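# after the sequence you'll find the predicted model.
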Amino acid sequence: MKLTWNKNKNNKKRSLEAIANYSNLPFDQQKPSADDTQLQNEESPASQNQEKPSADALDSDFKQLAQSFQAQGNKLAEDGKYCEALGKWEMALNLTPANAVLLEQKAQVLLEIGDAWTALKAATRATELAPSWAEAWVTLGRAQLNFGEPDTAIESFDRALAIKPDSVEAQGDRKTAVHLIKRRKQLHSSGLSTDKNRYMVGDKTEAS
């Protein structure tokens, strides 16, 4: 809101208290009558209610501000500025924490920068808020794969396929998870590694 002010300093008004300090004024200061006081008291609550914004108005303002932050974050993510994008999205989530779409986007970007644990938490929350959204389950499965948990990843991909059977992403990522489990079993049975239970998606090879 643009602020304005009176440039003529000589027009500054004085309060009644300041005027009362001068005893030689040609008029007497009048006190408000009882009727005036009663009228002011009756009007005061209504005026206060008009000044206070409603809860719906505040919610609308928060949503608009959150959408603005989300849009800014989307643009930054498209430009590859992932850390800056996450900052904008965090501001949006502070205003609208139950935004499943934004949480899923956050999880994707966190996977891009290698933060699998935080991505796992964000994707899990997204599936809690939108359990019938297949893409959220795919992102959760990928986070679980990157965190080294192919078994639970398969469960997430199966949830996605139950919702969207023709999901190419879920089908392909599920094959990757199955391959990693087979590879783990081979390592255990061969005795080459008996304590390595986790595999990163970046280390995967195509299943034969």
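Received the coordinates, thanks.
# tell me the contacts of Leu102?
Going by Cβ atoms under 8 Å, 6 or more residues apart in numbering, Leu102 touches Gln70, Trp89, Ala92, Leu93, Thr96. (C-beta placed from N, C-alpha, C; glycine too.)
# so where is this structure shaky, pLDDT-wise?
Applying pLDDT under 70 to the chain flags the ranges 1-58, 191-208.
# just the helices from it, written as ranges.
Assigned by DSSP state H, the chain shows helices spanning 16-20, 34-51, 55-78, 82-95, 100-112, 116-129, 134-146, 150-163, 168-190.
# hmm, back to that, now for the contacts of Leu102, which pair is the farthest apart?
Greatest spatial distance among the contacts of Leu102 (Cβ to Cβ): Trp89 and Thr96, at 10.6 Å.
# quick one on the thing from earlier: tell me which of the helices of the chain sits most buried.
helix 134-146 (a mean of 26; mean count of other Cβ atoms under 10 Å).
# report the contact partners of Ala107.
Ala107 sits in contact with Ala119, Leu120, Ala122, Ala123, Ala126, Thr139, Leu140, Ala143, where contact means Cβ under 8 Å, 6+ apart.
# how much space separates the third one from Ser190?
Going back to what we said before, that points to Ala122. Shown here: Ala122 relative to Ser190, a distance of 37 Å by Cβ to Cβ, to the nearest Å.
# likewise the second one?
Distance from Leu120 to Ser190, counting by Cβ to Cβ: 30 Å.
# now Ile163, nearest residue through space, not along the chain?
Ala134 (4.2 Å; Cβ to Cβ, 6 or more residues apart in numbering).
# give the contact list for that neighbour.
Ala134 neighbours (Cβ under 8 Å, 6+ apart): Arg159, Ala160, Leu161, Ile163, Lys164, Ser167, Ala170.
# can I assume the first one is in contact with Trp137?
Think Arg159. Yes - Arg159 lies in contact with Trp137 (Cβ atoms under 8 Å); the separation is 4.5 Å.
# identify the contacts common to the two.
Contacts common to Arg159 and Trp137, judged by Cβ under 8 Å, 6+ apart, are Thr127.
# excluding residues flanking it in the chain, which one is nearest Ile154?
Excluding its sequence neighbours, the residue lying closest to Ile154 (Cβ to Cβ, 6+ apart) is Ala177, at 4.8 Å.
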